[in-house]
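# Dropping a prediction and its sequence here:
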Amino acid sequence: MTVPPEHGALAHIEKTLADSYRKEIDQEENVWRTLPFFAATLALQLAALFQLVERLPPFGTWLGVMAYACLTLSGLATATALGFLAACIYPRKFQYLAPDPELLN
């Protein structure tokens with residue numbers, strides 16, 4: 001099977017798809033490079049939250065209720081961030097670009 005000569009539109013589409021593919025691969029690699037920084041930040045945040053628990057005002061007061069509410073929201077935000085981080089590194093199946101003859105077909 002011979003490949004027909006390339007038209008200008010096909011060359012443009014191929015270049016656009018190749019650039020998009022390269023950018024996607026770069027983004028996947030960037031996730032793995034930044035994981036230690038995210039993990040260190042979340043560990044420091046959790047350590048700070050656990051230090052605050054001992055210093056909060058009594059729960060029965062208005063200030064205590066607000067402090068515990070803010071602490072709970074901070075804990076939920078940290079847990080949500082951990083969930084999103086886990087979703088980023090969850091193993092996935094990738095669909096790679098087809099070879100040129102299959103792409104033209």
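Structure's in. What do you need?
# separation between the residue nearest in space to the middle of the chain and S74?
For the chain, the residue lying nearest the average C-alpha position, counting by CA atoms, centre = their mean, turns out to be C88 (4.4 Å). Taking CB to CB, to the nearest Å as the criterion, C88 is separated from S74 by 21 Å. For glycine as for every other residue, the C-beta is placed from the backbone atoms N, C-alpha and C.
# where in this structure is pLDDT low?
Along the chain, segments meeting pLDDT under 70 span 1-7, 27-32, 92-100, 102-105.
# ok, now with 50
Flagging of the chain using pLDDT under 50 yields the residue ranges 1.
# What ranges does it have for its strands?
Residue ranges of strands cannot be listed for the chain, since DSSP state E assigns none.
# longest helix in it, by residue count?
What stands out as the longest helix in the chain, according to DSSP state H, is helix 8-53.
# Show me what it is packed against.
Contact here means 3 or more CB pairs under 8 Å, 6 or more residues apart in numbering; DSSP states H and E; on that basis helix 8-53 packs against helix 62-89.
# Can you tell me how far A47 is from A40?
For A47, the distance to A40 (CB to CB) stands at 11 Å.
# nope, F59 is what I meant
Here F59 is placed at a distance of 32 Å from A40 (CB to CB).
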